[in-house]
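Trainee: Give me the fold of what follows.
(one chain, ligands or ions: 1)
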Amino acid sequence: MNPLRSLAVAAVIVGCLAPLGAQSADIQKLLADIKAKDTGLLAVSEEDGRFLRLMVATRGAKHALEIGGASGYSAIWIGMALRDTGGRLVTIEYDPIRAKELAANIRRAGLSDIVQVVAGDAFKQIPLLPGTFDFVFLDAWKRDYKRFLDIVYPRLDKGGLFLAHNVVNKRSEMGDFLDAVQKNPSLWTAIVSPSGEGMSVSLKR
Ligand SMILES: C[S@@+](CC[C@H](N)C(=O)[O-])C[C@H]1O[C@@H](n2cnc3c(N)ncnc32)[C@H](O)[C@@H]1O
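Mentor: Next up is the predicted model:
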């Protein structure tokens, strides 16, 4: 196995087993608080959060976009990796109450310099954002996935990653999206399932 791959595999294994680290006790508490208040079960699982952090770090992402930020659980995992890569995240959430919680949780996580919270409909907000993206995490309503892919794909860098959540447990709601990412010859796509909900990971070639 090549050394980079061994490192990534080791990081998955260690990342799944290890705590966040003593220096991150505050973030651990914050993540647990967000989960405890998440009565609608919107947030990704802890395993999926760890996987997102790993993907951002492995890609060395600098320009990340999240569609569907909810209260910030996944944005915090992504933001932790961006602190190391020197990157930035824009996370978009259209429910005004959740968007406020999201902004407050990003502040509590000490990630305000890394994560920009945009309140509003991502279909309207994405065209207003500048530049391209090298990492995209899609976790909005599942029937919208194909439309989001269509608007983001032209702005995904070559070598960029496009990840989408719930592609296993809600695959019946996104057949058009799954067809598109699996049949596009310019994308290499794998479906992984760190905790059963499933994520598609697509690399733009
Ligand atoms: C499953 S939750 C996201 C959970 C979040 N990624 C996490 O792990 O903490 C989906 C969120 O997407 C938001 N959403 C759905 N459609 C949206 C849109 N068009 N623009 C912005 N946010 C949207 C919903 O309001 C909801 O909060």
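
Trainee: Skipping adjacent residues, who's closest to Arg205 in space?
Mentor: Ser186 (5.4 Å; Cβ to Cβ, 6 or more residues apart in numbering). Quick note: C-beta positions are derived from backbone N, CA and C, even for glycine.

Trainee: Now that neighbour: phi and psi?
Mentor: Geometry field for Ser186 lists phi and psi as phi -90, psi 0, criterion degrees, to the nearest 10.

Trainee: remind me, longest strand of the protein?
Mentor: When the chain is scanned for its longest strand (criterion: DSSP state E), the result is strand 156-165.

Trainee: So what touches that strand?
Mentor: Strand 156-165 is contacted from outside by 44, 48, 52, 55, 59, 61, 63, 74, 132-139, 145, 149, 152-153, 174, 177, 181, 187, 197-205, using Cβ atoms under 8 Å, 6 or more residues apart in numbering.

Trainee: So which of the residues you listed are in helices?
Mentor: Counted as lying in helices by DSSP state H, out of the contacts of strand 156-165, are 48, 52, 55, 59, 74, 145, 149, 152, 177, 181.

Trainee: which of the residues you listed are buried?
Mentor: Using 16 or more other Cβ atoms under 10 Å as the burial test, those include 48, 52, 55, 59, 74, 145, 149, 152, 177, 181 as buried.

Trainee: got the residues of this protein near the ligand?
Mentor: For the chain, the residues in contact with the ligand (Cβ under 6 Å from any ligand atom) are 42-44, 68-71, 73-74, 92-95, 98, 121-123, 139-141.

Trainee: Separate out the buried members of those.
Mentor: Judged by neighbour count, with 16+ other Cβ under 10 Å as the criterion, the buried members of the residues of the chain next to the ligand are 42-44, 68-71, 73-74, 92-94, 98, 122, 139-140.

Trainee: Give me the subset of those lying in strands.
Mentor: Secondary structure assignment by DSSP E places 92-93 of these in strands.

Trainee: Tell me who's in contact with the residue nearest the centre of the chain.
Mentor: Nearest residue to the geometric centre of the chain (Cα atoms, centre = their mean): Phe137, 3.6 Å. When contacts are counted by Cβ under 8 Å, 6+ apart, Phe137 is found next to 52, 64-67, 74, 78, 163-165.

Trainee: 10 Å instead, please
Mentor: Neighbouring residues of Phe137 by Cβ atoms under 10 Å, 6 or more residues apart in numbering: 44, 48, 52, 55-56, 64-69, 74-75, 77-78, 89, 91, 161-165, 199.
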